[in-house]
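J.: sequence first, then the predicted structure:
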Amino acid sequence: MGRTMDEQNSPVRVRFAPSPTGHFHIGGARTALFNWLYARHCAGTFILRIEDTDRSRSSDEFLHALLDGLRWLGLDWDEGPDVGGPCGPYRQSERGAIYDGYRHRLLDAGHAYERDGAVWFRVSSEPVRILDAVHGPVLRREEKDFVIVRSDGSPSFHFANVVDDLSMGISHVIRGEDHLSNSSKHVELYRALGAEPPRFAHIPLILKTSGPGKMSKRETGSLVDEYRARHFLSGALRNYLCLLGWSPKDDREILPLADIIQCFDLAGINRSNARFDEKKLAHVNREYLRRLPREEFLAHALPVLREGMGPERIGDGAYAASVLAICQEKVRGLEELPDFCGHFFLAVPCWEEGLRAKVLEESALRLEEFLAAVEGDCPFTPAGLESLVVELARAGGHGTGDYVHPLRFACSGQSVGPGLYALLATLGRERVLLRLRRFLGREIQDLDP
RNA sequence: GUCCCGUUCGUCUAGUCCGGUCCAGGACACCGGAUUUUCAUUCCGGCAACAGGGGUUCGAAUCCCCUACGGGACGCCA
């Protein structure tokens, strides 16, 4: 794929540099993803650096959640706080000596001065040129000096960020567009340190689904963990996130990670902000679910069902496996599984009384017919049940739908679900007999559902 | 307020760099129809966009300018 000279000549080193001051959110995940994709595309290095200079707001709990979220999304890092690497330490809170050194360099060279106990950087007031792979060259003039070391001795974001990028040999800074305006500060810092700034790539922001502004960390739907808790497939979320601000430029949307890595590049990133659309995410997730090999689907679905219904109801899994098998192509998401097929695991479904009365009034005779046939020696297979229904309908001068709908409701308590014949066959003759009899008021029982 | 970035269907986008093949393509959502075997499946169809105005040109979604709107940055937060 079209690599630039730049990419061929110098090793690509990119980093994701989050602050562990809150939960891992979608915007951060997308930034991490784009960095990771670019590193993998170029066979470069993906570095994880923790920007925890604000000790009071940073916490280990957030840090672990962050690492966990990255792993869940399949974004592995080559250098970082836990795995180490040649440019460590990878937590800013442990890099104090490095910042001290750079601070002295700036002070000695007259690029910085002390005031009110803090160290300030002297800006040049000349417009600086920011080389951005997404936006092209951007000219911006920095007007005010800014703090690089606070009066308590800790480095400011701009300073620590630049020092680290420089000392870690970062070749490309891929980050949210909210940093574009900051980049002039960073370029000036690089120059004052006698270094060439890296290539920048400011990626568009993710806006809220509706209303003004970017997606904030606090609103619902903005945290990676929410989707994880709702049993979205991580591959689906990752794929969807790729589509926010980037596309493969053909009409593909659902595509294997390997293909995305192959065609991902910075020049293909969009310039305008994108709104997060949970409906589209749900669609991508469903496509992933449908394409899962049966065994993998079961591995994901069974725990969700157990969690929703209680493990004791689900049993050893053989019956559950047969139930889930007929749900895979129809269920919209794993989180809906308990509602979608939970009734399979109850003695009898819960019938909504109003609907039950209506169905009884309209279709009791046909249900009785069907029940009588099943009490006979009807073969209890999808095909056998289907021909039974078709025959009954033809004999009675009805449409098959006149049997299908009441049967579905009587046997499942729902008006939607897997195909009726597969549903009946999976329930099995005994359960179907019991459900039909109970529905028709034939047996008064005190079954414990 | 100052500066920076952006603007194609409701949403995500293709097309823009190298103007004609675009009365603008795909997807989600929505609406409708079909499968005379059924729903939240499948298939088919429909709705719907180049922000506005100038310019350059034989020709502009594509190039230039202005306006409007949206977003972001202006912290001893990151």
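T.: Sure, I can see it.
J.: CA only for contacts and neighbour counts going forward, please
T.: OK.
J.: please report the distance of the residue positioned nearest the centre of chain A from RNA strand B.
T.: Centroid-nearest residue in chain A: A:L237, 3.0 Å away (criterion: C-alpha atoms, centre = their mean). Computed as C-alpha to the nearest atom of the strand, to the nearest Å, the A:L237 to RNA strand B distance reads 13 Å.
J.: and that residue, what's its pLDDT?
T.: On the pLDDT scale, A:L237 is placed at 98.
J.: name the SS class of it, please.
T.: Judged by DSSP: H, G, I helix; E, B strand; the rest coil, the three-state class of A:L237 is helix.
J.: so what's it up against?
T.: A:73, A:281, A:284-285 (C-alpha atoms under 8 Å, 6 or more residues apart in numbering).
J.: now do 10 Å
T.: A:26, A:29-30, A:73, A:224, A:227-228, A:281-282, A:284-285, A:288 (C-alpha atoms under 10 Å, 6 or more residues apart in numbering).
J.: is there proximity between stretch A:418-430 and RNA strand B?
T.: Yes - Stretch A:418-430 reaches RNA strand B (C-alpha under 7 Å from any atom of the strand) through A:418-421.
J.: what helix or strand is the residue at the greatest distance from the centre of chain A on?
T.: What lies farthest from the middle of chain A is A:A395; by C-alpha atoms, centre = their mean that is 52.3 Å. Following DSSP states H and E, one finds A:A395 within helix A:382-396.
J.: next one: A:L241
T.: Element membership for A:L241 (DSSP H and E) is helix A:234-242.
J.: hang on, isn't A:V147 packed against A:G153?
T.: No - with contact defined as C-alpha atoms under 10 Å, A:V147 does not reach A:G153; the gap is 11.0 Å.
J.: what sits in contact with each of these two?
T.: Common contact partners of A:V147 and A:G153 (C-alpha under 10 Å, 6+ apart): A:118-119.
J.: between the two, which is the more surrounded one?
T.: Neighbour count, other C-alpha atoms under 10 Å: between A:V147 and A:G153, A:V147 has more, with 21 against 13.
J.: using the three-state scheme, assign the more buried one.
T.: Going by three-state DSSP: A:V147 is strand.
J.: how much space separates it from A:L436?
T.: A:V147 sits 77 Å away from A:L436, going by C-alpha to C-alpha, to the nearest Å.
J.: same thing with A:L244?
T.: From A:L244 to A:L436 the distance is 49 Å (C-alpha to C-alpha).
J.: can you list the buried residues in the lengthiest helix in chain A?
T.: The longest helix of chain A (DSSP state H) is helix A:353-375. Buried residues in helix A:353-375, counting neighbours by 16 or more other C-alpha atoms under 10 Å, are found at A:356, A:359-360, A:363-364, A:366-367, A:370-371, A:374.
J.: which is the next helix or strand following the lowest-mean-pLDDT helix or strand in chain A?
T.: Least confident helix or strand, chain A: helix A:5-9 with a mean of 48, by mean pLDDT, DSSP states H and E. As assigned by DSSP H and E, the chain's next helix or strand after helix A:5-9 is strand A:13-16.
J.: orientation of the longest helix of chain A relative to helix A:382-396 in degrees?
T.: For helix A:353-375 against helix A:382-396, the angle by axes from the mean of the first three to the mean of the last three C-alpha atoms, to 10 degrees is 100 degrees.
J.: and the average pLDDT for helix A:353-375 is what?
T.: Per-residue pLDDT over helix A:353-375 has a mean of 92.
J.: next one: stretch A:63-83
T.: Computed over stretch A:63-83, the mean pLDDT rounds to 97.
J.: dump the C-alpha coordinates for it into CSV.
T.: Extracted C-alpha coordinates of stretch A:63-83, given in CSV (Å, rounded to 0.1, in the frame of the first residue of the first chain):
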residue,chain,number,x,y,z
LEU,A,63,-5.3,2.8,35.1
HIS,A,64,-6.2,-0.9,35.4
ALA,A,65,-9.6,-0.3,33.9
LEU,A,66,-7.8,1.4,31.0
LEU,A,67,-5.3,-1.4,30.4
ASP,A,68,-8.2,-3.9,30.7
GLY,A,69,-10.3,-2.0,28.1
LEU,A,70,-7.4,-1.8,25.7
ARG,A,71,-6.8,-5.5,26.0
TRP,A,72,-10.5,-6.2,25.5
LEU,A,73,-10.4,-4.3,22.3
GLY,A,74,-7.4,-6.3,21.2
LEU,A,75,-5.0,-3.3,21.2
ASP,A,76,-1.7,-4.6,22.4
TRP,A,77,1.2,-2.4,23.1
ASP,A,78,4.9,-3.0,22.4
GLU,A,79,6.2,-0.7,25.1
GLY,A,80,4.4,0.4,28.2
PRO,A,81,4.2,0.6,32.0
ASP,A,82,3.7,-3.1,32.5
VAL,A,83,5.9,-4.5,29.7
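J.: check which residues of that stretch are buried.
T.: Within stretch A:63-83, the residues scored as buried using 16+ other C-alpha under 10 Å are A:63, A:65-67, A:69-70, A:72-73, A:75-77, A:79-81.
J.: and these, which is closest to A:L346?
T.: A:W72 (33.5 Å; C-alpha to C-alpha).
J.: which parts of the stretch 301-449 of chain A are helices?
T.: For the stretch 301-449 of chain A, the helices defined by DSSP state H, counting those that start in this stretch occupy A:311-314, A:318-325, A:337-341, A:353-375, A:382-396, A:401-412, A:420-427, A:429-439.
J.: give the buried residues for the first one.
T.: Of the residues in helix A:311-314, A:313-314 count as buried by neighbour count, 16+ other C-alpha under 10 Å.
J.: what helices or strands is that helix leaning on?
T.: Secondary-structure packing of helix A:311-314 (3 or more C-alpha pairs under 10 Å, 6 or more residues apart in numbering; DSSP states H and E): helix A:294-309, helix A:318-325.
J.: contacts for the last one?
T.: For helix A:318-325, the surrounding residues in contact (C-alpha under 10 Å, 6+ apart) are A:294-295, A:297-299, A:301-302, A:305-306, A:313-314, A:317, A:327, A:331, A:337, A:340-342, A:344-345, A:418, A:422-423, A:425-427.
J.: now do the strands in the stretch 101-250 of chain A.
T.: Using DSSP state E, counting those that start in this stretch, the strands assigned to the stretch 101-250 of chain A run over residues A:112-115, A:118-121, A:127-132, A:136-141, A:146-149, A:172-176, A:199-203, A:206-207.
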